[in-house]
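> predicted model and sequence follow; I will ask about them next.
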Amino acid sequence: MRTLSLVTAALVGCLTLPTTATAAPAPAAPGADCALKGTTGWTDEGHDTDPVRFQHAVGTHRVLTLFVDFPDAPATGPTDPYAAQLAPAAGWLRTASYGQARLDITPLHRWIRMPAASTSYGFRRGLTFEAHERYLRDAVAAADPYADFSRYDMVYVVPTREAAAISFSPTYLFDPATPGVTADGRRVRWAVTFGQDMWRWGPKVADHESGHTFGLPDLYAFAGETHRFVGGWDLMGNIAGEAPQYLGWHSWKLGWTHDNQVACLATPGRRTVRLAPVERPGGTKIAVVRTGPTTAYVAESRRSEGNDKGTPSTGVLVYKVDSAVPTGEGPVRVVRTYGPGESFTDPAAGVRIDVLTSDHAGDVIRLRATRP
């Protein structure tokens, strides 16, 4: 799973911007005016995701699951518990995508013996693309007599629990400049090779890793304190966090939230917006203040569903997006959540976000921008 600090506290809370008396209501800009272009050439927060290197996130994704063991780590039990561990990932993604994305997971219920020892595949941080591709190629070749790979879009490879050397769960994204891995006349473009961490993270590790095949970056930090950028506010950060959901920005990037559900302020002015919680379908999902060619502030309504009193327990989540920042280096940085009467300000960027009212149905906020 691979995938600058938070905005300084001085910019948050009760500080005010220079006078906004002359800020006129902004004309309703199309949501697309706040979409950002990616500049990293890989997984990032841009909306121009490469349609060749990455899967389109809308629709059904046919997944073949292979269960592998090794000469030095033979399996000792059935494959059913392994399949059951990952099966809930399909329901999670269906809910998170408002029914627009589906994982159709087909387990090949037999142990596939790998041709080399588990310790020979180099599964450690810093695993090279070549070593990872070798592992996938060996698994696909060993399973080829038992499955028709032409029927599937993606492959999951699950190791026996006896293979401690296969420790973590990287995503394989094919390189179109190389021969790659093929079977039954079809190239394997996308795969997740699970490790023993799947037993710690649970089924959502499959949603996190599959998110990379859609073009999503890692939101945790590759260096320093791991979860300082977004904590658990997005599944691409801390999978086990307090709100393991995709951010509204990601839902928009993936095509599950549409342009007409995005309130965009791309020029100086102000506008008032009612936000519907991102955990539920329908309504305006995010409000975006664009601050530059690759930067924006985003506000979204968050609710802890299942609250027996029907009252909001989170609030308006504010975060900064920079599509020029690479995966693992903080392309998204959460500020915090805000409640009625609270405001976020960044005087340097000329941005203010006021939370006016909140109820179970969502939040009303006012956006202000004073800089082009």
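Arrived safely. Numbers count the residues shown, from 1 in each chain.
> quick one: end-to-end length of stretch 190-207, please.
Its start and end residues considered, stretch 190-207 measures 13 Å (C-alpha to C-alpha, to the nearest Å).
> buried sites along that stretch?
By neighbour count, and taking 16 or more other C-beta atoms under 10 Å as the criterion, the buried residues in stretch 190-207 are 190-196, 198, 201-207. C-beta coordinates here come from the backbone N, C-alpha and C atoms, glycine included.
> likewise for stretch 115-125?
118, 120-121, 123.
> what does stretch 67-84 give?
By neighbour count, with 16+ other C-beta under 10 Å as the criterion, the buried positions of stretch 67-84 are 67-70, 73, 75, 79, 82-83.
> now that stretch: mean pLDDT?
Averaged across stretch 67-84, the pLDDT comes to 98.
> for stretch 330-344, same thing?
Averaged across stretch 330-344, the pLDDT comes to 97.
> buried residues in it?
Those would be 330-338, 340, 342-344, for stretch 330-344 by 16+ other C-beta under 10 Å.
> now, which of those residues sits nearest residue 41?
Distance to residue 41, by C-beta to C-beta, is smallest for residue 331 among those, at 13.3 Å.
> for the closest one, give me phi and psi.
Residue 331 adopts backbone torsions of phi -70, psi -20, taken as degrees, to the nearest 10.
> surely residue 83 is in a strand?
No - residue assignment for residue 83, taken from DSSP: H, G, I helix; E, B strand; the rest coil, gives helix, which places it outside any strand.
> apart from its neighbours in sequence, what residue is nearest it?
What sits nearest to residue 83 in space, not counting adjacent residues and going by C-beta to C-beta, 6 or more residues apart in numbering, is residue 107, at 4.2 Å.
> can you tell me which of the buried residues of stretch 190-207 end up in strands?
Judged by DSSP state E, the subset of the buried residues of stretch 190-207 located in strands is 190-193.
> show me where the stretch 51-200 of the chain has strands.
For the stretch 51-200 of the chain, strands defined by DSSP state E, counting those that start in this stretch occupy the ranges 59-69, 101-113, 154-159, 171-173, 182-183, 186-187, 190-193.
> so which of the ones you listed is nearest residue 273?
The nearest among the strands of the stretch 51-200 of the chain, by C-beta to C-beta, is strand 101-113 at 26.0 Å.
> and the residue most central in space within the chain, what does it touch?
Using C-alpha atoms, centre = their mean, the residue of the chain that lies closest to the mean C-alpha position is residue 236, 4.1 Å off. Contact analysis of residue 236 by C-beta atoms under 8 Å, 6 or more residues apart in numbering lists 3, 208, 211, 216-220, 230, 246, 250.
> ok, back up a step: reformat the buried residues of stretch 67-84 as a markdown table; add distance to residue 170.
As requested, these are exported to a markdown table (distance: C-beta to C-beta, whole Å):
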| residue | distance to residue 170 |
| --- | --- |
| 67 | 18 |
| 68 | 15 |
| 69 | 19 |
| 70 | 18 |
| 73 | 19 |
| 75 | 21 |
| 79 | 21 |
| 82 | 18 |
| 83 | 20 |
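> how far does stretch 97-105 stretch from one end to the other?
Across stretch 97-105, first to last residue, C-alpha to C-alpha, it's 17 Å.
> try stretch 75-86
18 Å.
> just how off-centre is that stretch within its chain?
Centroid displacement of stretch 75-86 relative to its chain, using C-alpha atoms, centre = their mean, to the nearest Å, is 26 Å.
> what's in contact with that stretch?
For stretch 75-86, the external contacting residues (C-beta under 8 Å, 6+ apart) are 65, 67, 69, 105, 107, 109-111, 156, 158, 160, 162, 194, 198-199, 202-203, 206.
> next up, the contacts around residue 337.
Counting by C-beta under 8 Å, 6+ apart, the residues that residue 337 touches are 302, 314-318.
> what strands line up against the helix or strand where it lies, and which way round?
Element membership for residue 337 (DSSP states H and E) is strand 332-338. Under the criterion DSSP bridges, strand 332-338 sits next to strand 315-322 (antiparallel) in its sheet.
> quick one: mean pLDDT for the strand it pairs with?
Model confidence over strand 315-322, given as mean pLDDT, is 97.
> residues touching that strand, excluding its own?
By C-beta under 8 Å, 6+ apart, strand 315-322 touches 7, 36, 45, 230, 233, 247, 249, 275, 294-302, 330-339, 344, 353, 355, 358, 363, 365.
> could you list the low-pLDDT ranges of the stretch 251-372 of the chain?
The stretch 251-372 of the chain contains residues with pLDDT under 70 at 305-313.
> who does the longest helix anywhere in the chain touch, helix- and strand-wise?
In the chain, taking DSSP state H as the definition, the longest helix is helix 129-143. Under the contact criterion of 3 or more C-beta pairs under 8 Å, 6 or more residues apart in numbering; DSSP states H and E, the helices and strands touching helix 129-143 comprise strand 59-69, strand 101-113, strand 154-159, strand 171-173, strand 190-193.
> neighbours of residue 260, how many?
10 (other C-beta atoms under 10 Å).
> correction: residue 224
Residue 224: 10 neighbours (other C-beta under 10 Å).
> same question, the one 4 residues further on
A total of 16 residues lie near residue 228 under the criterion other C-beta under 10 Å.
> surely it touches residue 219?
No - using C-beta atoms under 8 Å as the test, residue 228 is too far from residue 219 to be in contact (10.4 Å).
> residue 186 against residue 147, yeah?
No - taking contact to mean C-beta under 8 Å, the distance of 11.3 Å between residue 186 and residue 147 leaves them out of contact.
> comparing the two, which residue is more hemmed in?
The neighbour count for residue 186 versus residue 147, taken as other C-beta under 10 Å, is higher for residue 147 (20 against 14).
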